[in-house]
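S.K.: Next one to model:
(one chain, ligands or ions: 1)
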Amino acid sequence: MTRPRFNRVLLKLSGEVLMGPGQFGIDPDTVARVAGEIAAAKEAGHEICVVVGGGNIFRGLAAAAKGFERATADYMGMLATVMNALALQNALEQIGVDTRVQSAIPMASVCEPYIRRRAQRHLEKGRIVIFAAGVGSPFFTTDSGAALRAAEMNCDALFKGTSVDGVYDADPKKVASATRYETVAFSKVLSDDLKVMDASAIALCRDNDIPIVVFNIREQGNLAQVLRGEGVATIVQ
Ligand code: UDP
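M.R.: Next comes the predicted model:
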């Protein structure tokens, strides 16, 4: 089955992706590989913006369970996403790709603040824009940040890079007979609580008609392939 070719996309990378084979933090080889994937996609003519997570460094909810005040913990989580964004920017610039980081929490000496029109302009000029700090408020996730920025930047699709090759009717790591959906409706993802992104992110994409393409980012060359409408993925639409 052929899928549409998407021109402007928002790529959501969870912090876990940048962790590589490790259990914590940033793996430079993995970040370099992901940067190479983004560069290849850009070379193929796509406009790409990225939202990075922070779960490889700090998760608000997990810290709150250990006694942190939730809002404070969430701010710490947002700061973790800024570190990931800088690591990815560094890797992209090392291979000659113009990249700007914009943070939802202004951090003037580190990166640009989030300014929608400015981000649009960067994309038009062929730069990669990395959005850090999610939506800038506690009690949200970077999934919601990804859906919000995808809508604001008029993206054709939200690409969710994960370690599985799509959305299954059961956990493929636990259930051998689990079947991958080629396409699946937003309503089914929500009603069956399929693990794609959190519910508020799914609802935002549904309400703004932004398909979510779930694919395996760990496989070399997969991002460019799926962007061409080939390869293995699931479209939530
Ligand atoms: N976070 C937040 N508001 C946002 C985005 C993120 O409070 O808009 C915090 C939250 O504590 C979260 C952490 O930042 O646990 C890291 O983000 P996330 O868990 O979404 O990262 P991922 O799972 O994608 O690595």
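S.K.: who does the helix or strand bottoming out on mean pLDDT in the chain touch, helix- and strand-wise?
M.R.: The weakest-scoring helix or strand in the chain, judged by mean pLDDT, DSSP states H and E, is helix 222-227 (a mean of 92). Judged by 3 or more Cβ pairs under 8 Å, 6 or more residues apart in numbering; DSSP states H and E, helix 222-227 is in contact with helix 28-43, strand 157-162, strand 212-216. Bear in mind the C-beta positions are built from the backbone N, C-alpha and C, glycine included.
S.K.: Once you drop chain neighbours, what's closest to Leu10?
M.R.: Take Leu10 and drop its neighbours on the chain: the residue closest to it by Cβ to Cβ, 6 or more residues apart in numbering is Ala150, 4.0 Å away.
S.K.: How much space separates the one you found from Val110?
M.R.: Computed as Cβ to Cβ, to the nearest Å, the Ala150 to Val110 distance reads 24 Å.
S.K.: And those two? Which one has more around it.
M.R.: Remark: of Ala150 and Val110, Ala150 carries more neighbours, 29 against 14, as counted by other Cβ atoms under 10 Å.
S.K.: and the more buried one, what element?
M.R.: In the assignment (DSSP states H and E), Ala150 maps to helix 142-152.
S.K.: Now that helix: average pLDDT?
M.R.: Averaged across helix 142-152, pLDDT comes to 98.
S.K.: Write out the residues of this structure neighbouring the ligand.
M.R.: With Cβ under 6 Å from any ligand atom as the criterion, the chain meets the ligand at residues 14-16, 53-55, 59-61, 73-74, 77-78, 80-81, 134-135, 137-138, 140-145.
S.K.: Now that we have the residues you listed, which of them are buried?
M.R.: Buried members of those, scored by 16 or more other Cβ atoms under 10 Å, are 14-15, 53-55, 59-60, 73-74, 77-78, 80-81, 134-135, 138, 140-145.
S.K.: Show the average pLDDT along whatever helix or strand comes next after the least confident helix or strand of the chain.
M.R.: Later in the chain than helix 222-227, the nearest helix or strand by DSSP H and E is strand 234-236. Here strand 234-236 scores 96 as its mean pLDDT.
S.K.: Check the offset of strand 234-236 from the chain's centre.
M.R.: Here strand 234-236 is found 15 Å from its chain centre; the criterion is Cα atoms, centre = their mean, to the nearest Å.
S.K.: Adjacent strands (with direction) for it?
M.R.: Here strand 234-236 has these sheet partners by DSSP bridges: strand 183-184 (parallel), strand 212-216 (antiparallel).
S.K.: Thanks a lot, see you next time.
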